[in-house]
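> below is the sequence, then the predicted model.
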Amino acid sequence: MPFTLGGDWYPSENTRKTKPLLSLEKRRNTEVTLIKGLKLMPIEAEALLKTAKRELGCGGSYKDFIFLFQGNHLEKLKNTLREMGFKL
């Protein structure tokens, strides 16, 4: 079960064990950063999306187990996920 501290979301132990796949793609002539490979419960996905969007300062969405963030945020997203406890 996910938990928050001071409004920030932190993954459960089982979620931290999965390794997210980060990639950069071009869609409609703009860059987007994707996270794939995280099988999260809907409440965990919403919490991760909200926390990551706030940390990155960009828009984003979640659909079919894929997180999409507007812009090239690979390095910043890697650091954010490491701080949350994911192993990259």
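Thanks, I have it.
> shouldn't residue 53 be within a strand?
No - checked against DSSP: H, G, I helix; E, B strand; the rest coil, residue 53 lies outside a strand; its state is helix.
> tell me the contacts of the nearest residue to it once chain neighbours are set aside?
In this structure, residue 53 finds its nearest non-sequential neighbour in residue 60, 4.9 Å apart by C-beta to C-beta, 6 or more residues apart in numbering. Every C-beta, even on glycine, is put in place using the N, C-alpha and C of the backbone. When contacts are counted by C-beta atoms under 8 Å, 6 or more residues apart in numbering, residue 60 touches 49, 52, 53, 67, 68, 69, 70.
> what's the separation between residue 60 and residue 72?
When C-beta to C-beta, to the nearest Å is the yardstick, residue 60 and residue 72 sit 13 Å from each other.
> ditto for residue 66
As for residue 66, its distance to residue 72 is 17 Å (criterion: C-beta to C-beta).
> now do residue 29 against residue 68, distance only.
Remark: distance between residue 29 and residue 68 (C-beta to C-beta) = 15 Å.
> compare neighbour counts for these two and give me the winner.
When neighbours are counted by other C-beta atoms under 10 Å, residue 68 comes out ahead of the other of residue 29 and residue 68, with 17 against 5.
> got the CA positions of the helix or strand hosting the more buried one in CSV?
Using DSSP states H and E, residue 68 sits within strand 66-70. In CSV, the C-alpha atoms belonging to strand 66-70 read as follows (Å, rounded to 0.1, in the frame of the first residue of the first chain):
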residue,chain,number,x,y,z
ILE,A,66,2.4,4.0,-19.2
PHE,A,67,3.2,7.4,-17.7
LEU,A,68,3.7,10.2,-20.1
PHE,A,69,5.4,13.6,-19.2
GLN,A,70,5.6,16.5,-21.6
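> in the helix or strand hosting residue 62, what counts as buried?
Taking DSSP H and E as the definition, residue 62 sits inside strand 60-63. Neighbour counts over strand 60-63 (16 or more other C-beta atoms under 10 Å) mark 60, 62 as buried.
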